[in-house]
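Asks: okay, sequence plus prediction incoming.
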Amino acid sequence: ISELQYQINTIKEGTNGKDSKKETKKDLVYTLCLIESKMGDYYHSINSASKYGLSMVEKEGAFPLEIAQIFYPRPHWDSVQSAAKEFGVDPFLILAVMREESNFNAWAKSRSGALGLMQILPSTGEGIAKHLNMPWETPEILYRPENNIRCGAYYLSYLQKRFNSQFEWMLSGYNAGPNITQKWVTQQGNKDIDWFVATIPYSETHYYVTRVLKTYWIYKLLYS
């Protein structure tokens with residue numbers, strides 16, 4: 001991997017615009033991302049693709065499927081499907097939340113202390129674990145992908161019931177909290193869902209909802 005990164009950086013620094021060098025660089029970047037992906041290191045695979053401009057790779061005017069699947073992989077797919085079935089949640093929504101929350105970094109920790117793939121707060125995770133009879137030793141159990149996914153899927157199922165399966169409200173609740181989202185929903189009145197998204201008072205939540213929805217539909221397009 002280090003050797004591939006060195007070769008890519010060398011081409012980047014010494015490029016003179018020739019098509020042959022550009023194609024060589026694209027091939028090396030694709031190989032690097034593929035190796036990282038096959039190793040299960042989806043976090044670095046996505047970051048490498050973005051860092052080295054793999055998103056600009058086109059083939060006959062279309063976005064190649066194999067490149068799209070590097071940006072939108074399905075890590076821990078067995079755990080995702082199992083949790084989706086257990087709690088009645090769309091597995092592609094779980095993936096979309098996971099991707100935008102942590103970029104599939106199982107060891108992610110936010111400034112607010114949220115942990116793991118789906119960025120579960122320890123206080124929330126402990127409550128869910130007790131409800132599910134899941135052994136709770138320390139908050140570090142949320143770094144285990146199967147535990148984190150199960151807790152995240154359960155929380156999405158709670159939001160799904162509370163907000164009548166309306167994804168926009170569910171995602172707002174996941175990011176900003178269900179109580180403040182309920183207040184915004186009440187204020188919305190009879191206005192349509194696009195109005196709700198456009199007028200979310202928190203810019204972070206507005207961006208989060210639109211980003212996760214976009215990712216969700218990309219997953220549906222790629223894998224449904």
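Replies: Cool, the structure landed.
Asks: in space, what's closest to residue 104 - neighbours in sequence excluded?
Replies: residue 42 (4.0 Å; CB to CB, 6 or more residues apart in numbering). In short, each C-beta sits where N, CA and C put it, glycine included.
Asks: and the one you found, what pLDDT?
Replies: pLDDT, residue 42: 86.
Asks: swap in residue 7?
Replies: 69.
Asks: before we move on, the earlier item: OK, contacts around the residue nearest to residue 104?
Replies: Residues near residue 42 by CB atoms under 8 Å, 6 or more residues apart in numbering: 36, 73, 75, 103-104.
Asks: next, format those residues as CSV and append distance to residue 154 and pLDDT.
Replies: Formatted as CSV, the contacts of residue 42 follow (distance: CB to CB, whole Å; pLDDT from 0 to 100):
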residue, distance to residue 154, pLDDT
36, 30, 81
73, 23, 93
75, 19, 95
103, 22, 94
104, 20, 96
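Asks: tell me which of these fall in helices.
Replies: The helices, defined by DSSP state H, take in residue 36 from the contacts of residue 42.
Asks: any chance of the contacts of residue 42 in CSV, plus neighbour count and distance to residue 140?
Replies: Listed next are those as CSV, based on neighbours: other CB atoms under 10 Å; distance: CB to CB, whole Å:
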residue, neighbour count, distance to residue 140
36, 21, 25
73, 20, 25
75, 20, 20
103, 16, 20
104, 22, 18
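Asks: which one of the contacts of residue 42 is nearest to residue 195?
Replies: residue 103 (30.3 Å; CB to CB).
Asks: how many residues are close by the closest residue to residue 174 other than its chain neighbours?
Replies: In space, and not counting its chain neighbours, residue 174 is closest to residue 159: 6.2 Å by CB to CB, 6+ apart. Neighbourhood size, residue 159 [other CB atoms under 10 Å]: 21.
Asks: so which bits of whichever helix or strand residue 159 is part of are buried?
Replies: Taking DSSP states H and E as the criterion, the element that holds residue 159 is helix 145-162. By neighbour count on 16 or more other CB atoms under 10 Å, the buried set for helix 145-162 is 145-160, 162.
Asks: please report how far the residue nearest to residue 104 lies from residue 48.
Replies: 11 Å (CB to CB, to the nearest Å).
Asks: cool, and residue 87?
Replies: Counting by CB to CB, the gap from residue 87 to residue 48 is 33 Å.
Asks: give me the more crowded residue out of those two.
Replies: residue 48 (24 against 18).
Asks: now that one: which helix or strand?
Replies: Per DSSP H and E: helix 42-51 holds residue 48.
Asks: mind listing what's buried in that helix?
Replies: Buried-residue list, helix 42-51, by 16+ other CB under 10 Å: 42-46, 48-49.
Asks: so where's the chain shaky on pLDDT?
Replies: Applying pLDDT under 70 to the chain picks out residues 1, 3-8, 11-23, 52-63.
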